[in-house]
Each structure stands twice: as C-alpha cells, then as structure tokens.
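Enquirer: sequence first, predicted coordinates after that:
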Amino acid sequence: MKTTAIRTALLLGAALAGLTAAPAFAQDTAATDQPTTTEDGADEASGEIFVTARRRSESAQDIPLAVSVVSAAQLDATGAFNVNRLQQLAPTLQFYSSNPRNTAVNIRGIGAPFGLTSDGFEQGVGIYVDDVYYSRVASATFDFLDVAQIEVLRGPQGTLYGKNTTAGAINIQTNQPTFDFEGRAEISLGNYEFQQARLAISGPLTEKLAARVAFSGTSRNGTIRNVTTGQEIQSLDNVGVRAQLLWEPTNDLKVKLVGDYNKQDAVCCGSVFVRTVATQRPLNRQFAALAAAQNYAPPSTNPFDRLTDLDAPLNAGNVIAGVALNVNWDVGPGTFTSVTAWRYWDWVPRNDRDFTGLQIVSASNNPSQQNQYTQEFRYAYTGPKFDFVVGAFAFSQRIDTQGLESQGLAASRWNIAPTNPLSNDPTVLNGLTARNTQFLKSTSAALFGQLSWKVTDAFTIQPGVRLNYDKKEGFYQRRVFTGAGVELTGTETDARSRAQLAIFQPQLSAPADTDWNFTYDLTLSYKVAPDVLAYATYAKSFKTIGINQNGLPTDANGVPIAAAGTIKPESLDHFEIGVKSQFWDRRATLNLAAFRTDIRDYQATVTNGQFGVLRGFLANADKVRTQGIEADFAVRPSNRFNAYVNGAYTDAKYLRFVDAPCPPELSGGTTATAGQTPSAPGTPGGISPANCDISGQRLAGVSKWAFSFGAEANAPGNVLGQGGEFYFGYDGSYRSDFSSNASPSPATRVAGYSLSNFRAGFRSDKGLNIFAWVRNAFDENYFEQLFIAPGNTGLIAGLPGDPRTWGGTVSVTF
C-alpha cells in the first residue's frame, strides 16, 4: 500500500482526536475498549452478549449452537486484524494461505481441501459481512474494516444462511450508521516499518438519513529477504474503504446502501528452502544432483535465516469491492429482510513456482476477474410459542482467468533426462509457454427455513430444511507455444517437440453439471437451570457439485480423462451435543461441545508432480470423518481481572481413500504396472505406485490439539489529568503438529508451536487508549505451510510464520 494513504489517515485521526474534548460526544469506553475474553465475547456490564447467528438478536448463551464471538475490542487489543490472526483466538478455526487465491479457511478440520485452490468447488466455510456472502476466499486475507464483532459458527449452516456451508460460517458484523455523531481514530507503528491507520466517522445527514465512512490502511516490510532482487518479500500493503447510508423513513423501515473497496499490492508470495527428501526419481534427477549440475545452491539451508533467491517477479495484486442494499421492514408480527449485493474480485498475481533462484519456471501467473450477484429474502418471526425464519436465496457468478506459464533458461537441464542430448540445449524449453483461457459460470438457488417450537419454558424443538439447486458450466483451453512462437498441436512426433509436450500439453475441456439437494437438521434444547442450556443436533448437509476448472488429468497416453471433469457432491451426517453454562453470579462461563461429522465423497485436491501438465485437480475421497471435543472457559472475578482458556481436540481423518496421490518419497519413479511391487520409500530409480491408500491417515492442515488462552489485569490511574486504568494483558495460542500435504509425509510435517503476545497501556474514561505490544514475544520459529516443489525432485520449500514484532497503538473514540 502506498504510505501516503496511511499518512493522510494519521493526520485526519490526529485532528479529530481534538473533538474528544467536547462533552456532548464523549463516552465512557473503559468497558468497550477493554478486550472481551469470554468465548462468546461476554458483555462487561452484564456478562451477556448478543449475536445474530440465527438471523435474530439473541443472547449467545441461549442459542443451541456452538459459536465463538470476538469483540472489536479484543480484535484491536490482540492485533487480530484479519482471519489469519483471528485463528489464534478461535482454536477450531484453521487458516492457510500461500497467496490470496490459494487460501483455505476450515472449521473443525473441514471446509476446503488443503492445497491449490480451484474455482470449481465451493467453500465449506461461508464468509458473511453484514449478511452479504463473500464467495471469494481471498477476502479472508484483507484487513477487517470497522468491525463491531465476529461470530465464528461451528457446524453445518444451511437452514438459516443464504449459501449452504458444511463446516461453519464467519459472520462479520460491522458498525452501523448512527443518528448521533461519533467516530474512532487509531494509529499503530511498529518494527519492520509497520504502519496501520484506521478511521471511522458516523452521524446524521438529515433527521431520517445517516452516514458512516470507514478507512483502514496497513503497510509493513516483508519478513523474508530476497537476495536476488534485494526486496523484502511477504510484505503487507492493504487499503480498505467502506461507506454506508442509512435511511429510516419510519420506525418500521430501514434501508441501508453500502459500498466498499479493498486493495492489496504486496510484494508476495514467496518461500524459503527447508529441506530435501529422497524420492524415487533416479539420483541424477533429484534435487542435489540437478542443483550441482547448474552450480546452484540455495542462499541458506536454515529456513529461519529468512533468505530466498526467487528470480521471477512477485506480486499479489488483489482488489475486492462491492455494493449492497439491505432492507429491513417490520411487517405484521415479524421482520422482512432483503439483501441485494454485487461483488467484484480482480486478482493480478506474479509467482515463482519452481521455488529456486534458477530460471526453471520463469512465469506462473493466473490473473482472474469475478463478478458475483446475490439476492436473499428472509422473514423472521418471534412469538411466545414459536419462532421461525424462512428465506430464499439466489447466487450467480462468473470467473474469467487468463493463465500464463513459461519455462526459463534452466528448464532443459532441470526437466529433461541427462541421458537425452536435448538436456544440454537450453533453447529446447526456454520460452516454452502455455496460455490458458478459462471461465466458470455458477448459479445457485435455494429455499430454506427453521422453526423453534417452545414446547415448554425449558424444552425447545428446532427443525430446519433446505432445498438447493446448483448449476456449473466451465471452459478450459490450453494453447502451447515454443520459444520461437510456434504453436504445438500435441500431435508432433519429433524429439524436440516431444520434450516440449512432456512439459505442456494442449487441452480443451468444457465440464458442466447440475444438482438438486434436499437437506435438513433437528436440534433439541433443554434449560437444565436458568444459566445452563443443554442441546443435541443432527444435520444432514451437503457440499454441492464441483468441476475441474483448471484442466483435466490425463491417462497414460496423455489423453484427458473426460469423466474427471465433474466431481460428486459431498454428503454429510453431522452429530453434536453441547452444554452452555454460567455460574458464580455469571462471572464465569463454561461451554462444552462434542461433535462427529461423517462425509461421503469428500472433495479432495489431488496434486501431481509435473511442472506444467496439471499441478492440481479435484477428486472424491470415499469417506472422511472428523470428530472432537471443544471447551471454552472464561472468568471475570472482578472488574480488575479476567482470564480465558479455549481448547479443541479434533480427530479428522480419511476413513477410506484408496487412490490418493502418493507422498514425495513414493513418487517420481517408474509407475508400477499390474503385478509389480513398488519400491521402498525414497529408493532412487524405483518403481512408484500409481496411487496410494491413505485410509486411516489424518486430513491435511488439521492439528489434533489447539488452545487459546490469556488474561488481563488493570488498576485505576490518572494520566495528564485523565482518569482511567492502567492494564497489562497476555494472549497465547498453541497448535500441535499437522500435515502440510494432502497425503501425509514426514517431509511435510509441520511441528507444533506456541505463540505469546503481550500488551500494556492506559485507557481513559473518555475514550483514549494508548498501549505498547509485542507479538510472538519469544520469537518462536514455526512454519505456516510447507510446499512440495514440482518435478518430484525432493525439494521442500516453506513459509515461515512472522517473527517477533513490536510496536505501539494510540486510539481515540469520540
């Protein structure tokens, strides 16, 4: 992001801070600025918070649903300004991102297959901002903008939400326009030239019209040094603007128009050398021999030196924007809601996909543009014996992608067997280019509803249903050109052309499919005591059809497998029991949940090892199961101290996946034929199985154990004549080890790690908050992800997590 935008916001915030002296606009924010640390974000004054998880305002402790609520105050205090950092506060939430497009958000171990993202499947975790569904998971990489609270809903969400999601939802509620003038300004500075500015202003334009405008900007140098270009990569560069108009012509009608624009322009996304692993390629075609043949060595074999030498330009240009019209009309005994929205995504990446400083892959860029239209209608009724919500939802999107992959000067030596004389001729593969043209058209429509029947004051029966229709149409064309600009048809027989076609094959496909699904759920809840709620849920859910949008896998003769064009829908059976409780005069909260989800035809990402044939495609795994236990405890014995501990045990595994891709130590050799016995793992020049049985192994990206914990203490004080409190806070998190590859391998195991964050400051009674912070205080070395380099050479690259960062924040509410 250009720092001029941040500097402008800093000046505006400083100027507006002077307004806090006006008594008419001052408010006591000692409570609201203090982070809320209960699992459901408990309100400081009453110990109770209200959520809209069921499309109506309710106490979080009174709804039979596993939900974690994080307040704006906790987000600000912990520096959780995007979903990546939010996962440190919500143990069952997992976030993985090698770049904004290749991002996965999972809950309880499921949601999206781990690995390369395909436009052809749906996300299992829905992201909603003020009731608007964001279909592009890249939105999870942007900064939160003027957020009031975030609700993380766990388990299938289909009978209350517009877009069906199988794993859960992230429901983001922003601050709304007000008819009283108010605002907030915040400035943060830190090491790595971290700069962040936030500004929000709200107030009346007329008696019936109010407006709110918010800005957020973040910039930071990267944490990895590229010795080839001299750049610091993995930088932050985000700008976001959100404007709202609220019209209230009567007490019964509210109409809100919202527009937002968010842009990223980071020097991103790269990796560092981690290790090599022996594959079944011949020794002279494994990484050590190939690197030695070109006198290449990585800049460091210690990944936490944070050095790389990627030679291709890097960029993660990313724009997400949209307009929404929300109408809420109190009609009869209930409320009618209409949400009409258009959203746009523009993705302009530049990548280095060989993970080295050699010119093997000189370009791997797939810019995309998406247009999305959604319409949702809902009617919500609350009565003495019955509550219900009924709704209809329509979704339409088109995504266009113009892919470019090119080979470089080192490609011939790297990719062609040394026994072939063409391996010594760099012109064979240098400049070889694949140009991919593709689009996806996706349409969805649904009717849904949920009823709450209060059989007695204590016992409630809550059934829900959903009828869903989906249609998907795709197109994919790959054209291949030599370095001289000659187009290859795929039928050439000369040695030079065959060597080129071994890297890129022309392909044309147009997969399409439609599907109907009827799903349902049933929840029984019972008030055991005034502050104890027990519940049990069964849900029959689904993830809709998928299509292989990035091309099709090929058979042994290089012919695309047409049957692989479409992917069957997932079918889920979900079981859950839980208890929500408060005690000690509601100063303590303990919530427990146990769940099991069985999935048939799980949509998995299959990755092959070749450079340009097809890096990843979708396939169905027969059976997957995730089960676990979650516990959330919070205590506030007095206004001077609070503490929390949230924990999750998640056991997610493939029950049956007999034809999965093989891990690197079983890849790269001659493919076994009928009757042949595959070689032992890591046998050079060995016989590799065509696929591997990974039944019983853990799902990728899932830690068995995850915890978040913290505390804050405060004491009354006075600074420059302003009364308030001094405070000291700690927030920690822990995740056990997980696999960073769809097929588990010791080479791609990410070790468990823990992070510790501290903060100390002063918050006044009139809205001023000044504090210093340090994140990853003990400078823990850990990986966010590990990657298997293409080509089955045995190279493992990785993305280290952020090192220790520190800085200070000043905010003022007026």
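Expert: Good, I have the coordinates.

Enquirer: what sits against the spatially most central residue of the chain?
Expert: With distances taken as C-alpha atoms, centre = their mean, the residue of the chain nearest its centroid is V105 (3.4 Å). Contacts here follow C-beta atoms under 8 Å, 6 or more residues apart in numbering; on that basis V105 touches V83, L93, Q94, F95, G111, A112, Q123, V125, I127, V137, A140, I170. Glycine gets a C-beta too; all of them are placed from N, C-alpha and C.

Enquirer: between those, which is closest to P560?
Expert: A112 (24.7 Å; C-beta to C-beta).

Enquirer: part of a strand, is that closest one?
Expert: No - using DSSP: H, G, I helix; E, B strand; the rest coil, the assignment for A112 is coil, not a strand.

Enquirer: low-confidence stretches in the stretch 451-600 of the chain?
Expert: 556, 558 (pLDDT under 70).

Enquirer: where do the strands of it begin and end?
Expert: Ranges of strands within the stretch 451-600 of the chain are 459-481, 487-488, 507-509, 512-529, 532-543, 546-547, 566-567, 570-583, 588-607, based on DSSP state E, counting those that start in this stretch.

Enquirer: format those as TSV; extra columns: mean neighbour count.
Expert: Output for the strands of the stretch 451-600 of the chain, formatted as TSV (neighbours: other C-beta atoms under 10 Å):
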stretch	mean neighbour count
strand 459-481	19
strand 487-488	14
strand 507-509	18
strand 512-529	16
strand 532-543	20
strand 546-547	26
strand 566-567	22
strand 570-583	19
strand 588-607	21
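
Enquirer: S71 is nearest to which of these?
Expert: strand 588-607 (14.2 Å).

Enquirer: beyond the closest one, next helix or strand please.
Expert: strand 616-638 (DSSP states H and E).

Enquirer: Q196 - how many residues pack around it?
Expert: Neighbourhood size, Q196 [other C-beta atoms under 10 Å]: 25.

Enquirer: that one against D76, yeah?
Expert: No - Q196 is beyond contact range of D76, at 10.5 Å (criterion: C-beta atoms under 8 Å).

Enquirer: show me whatever sits in contact with both of these two.
Expert: Joint contacts of Q196 and D76 (C-beta under 8 Å, 6+ apart) are E186.

Enquirer: now the strands of the stretch 451-600 of the chain in CSV, with distance to Y730?
Expert: CSV is the format used below for those (distance: least, C-beta to C-beta, whole Å):
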stretch, distance to Y730
strand 459-481, 39
strand 487-488, 60
strand 507-509, 54
strand 512-529, 33
strand 532-543, 30
strand 546-547, 43
strand 566-567, 45
strand 570-583, 24
strand 588-607, 19
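
Enquirer: nearest to Q369 among these would be which one?
Expert: That would be, of the strands of the stretch 451-600 of the chain and by C-beta to C-beta, strand 459-481, which comes in at 14.6 Å.

Enquirer: direction included, what does that closest one pair up with?
Expert: Using DSSP bridges, the strands paired with strand 459-481 in its sheet are strand 433-454 (antiparallel), strand 487-488 (antiparallel), strand 507-509 (antiparallel), strand 512-529 (antiparallel).

Enquirer: near the nearest residue to K254 once chain neighbours are set aside, how many other residues are there?
Expert: Leaving aside its chain neighbours, K254 sits nearest to N328 (4.6 Å; criterion: C-beta to C-beta, 6 or more residues apart in numbering). Using other C-beta under 10 Å, N328 has 18 neighbouring residues.

Enquirer: okay, and the beta partners of N328?
Expert: K254, T337.

Enquirer: per-residue pLDDT, it?
Expert: Predicted confidence (pLDDT) for N328: 97.

Enquirer: which residues sit in contact with it?
Expert: L253, K254, T335, F336, T337.

Enquirer: in ChimeraX, select just the buried ones from these.
Expert: Typed into ChimeraX, the line below selects the buried ones among these, using 16 or more other C-beta atoms under 10 Å:
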select :254,335,337
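
Enquirer: pipe the contacts of V105 into CSV and attach pLDDT and distance to V812 per row.
Expert: Formatted as CSV, the contacts of V105 follow (pLDDT from 0 to 100; distance: C-beta to C-beta, whole Å):
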residue, pLDDT, distance to V812
V83, 89, 27
L93, 93, 31
Q94, 92, 35
F95, 90, 31
G111, 91, 38
A112, 87, 39
Q123, 89, 37
V125, 93, 35
I127, 93, 30
V137, 87, 34
A140, 84, 29
I170, 93, 28
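
Enquirer: narrow these to those in helices?
Expert: V83 (DSSP state H).

Enquirer: closest to G357 out of the contacts of V105?
Expert: Nearest member of these to G357, counting by C-beta to C-beta, is F95, at 29.0 Å.

Enquirer: the closest one pairs with what?
Expert: With DSSP bridges as the rule, F95 is bridged to V105.

Enquirer: roughly how far does it sit from R136?
Expert: 15 Å (C-beta to C-beta, to the nearest Å).

Enquirer: nearest to L440, of the strands of the stretch 451-600 of the chain?
Expert: That would be strand 459-481 among these, by C-beta to C-beta, at 5.0 Å.

Enquirer: what's the angle from that closest one to strand 532-543?
Expert: 30 degrees (axes from the mean of the first three to the mean of the last three C-alpha atoms, to 10 degrees).

Enquirer: off-centre distance for strand 459-481?
Expert: Centroid separation for strand 459-481 versus its chain: 19 Å, with C-alpha atoms, centre = their mean, to the nearest Å.

Enquirer: now swap in stretch 477-487 and tell me
Expert: For stretch 477-487, the distance to the chain centre is 35 Å (C-alpha atoms, centre = their mean).

Enquirer: out of the strands of the stretch 451-600 of the chain, which comes closest to D737?
Expert: strand 588-607 (20.5 Å).

Enquirer: can you give the strand pairings for that closest one, parallel or anti for each?
Expert: Here, using DSSP bridges, strand 588-607 pairs with strand 570-583 (antiparallel), strand 616-638 (antiparallel).

Enquirer: now the contacts of V105 in CSV, with neighbour count and distance to R656?
Expert: Below are the contacts of V105 laid out as CSV (neighbours: other C-beta atoms under 10 Å; distance: C-beta to C-beta, whole Å):
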residue, neighbour count, distance to R656
V83, 25, 31
L93, 25, 27
Q94, 27, 23
F95, 22, 28
G111, 24, 20
A112, 24, 20
Q123, 25, 24
V125, 28, 24
I127, 21, 31
V137, 22, 27
A140, 21, 31
I170, 23, 30
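
Enquirer: wait, what's in contact with Q94?
Expert: Contacts of Q94 by C-beta under 8 Å, 6+ apart are Q87, A104, V105, N106, I107, G109, G701, V702, S703.
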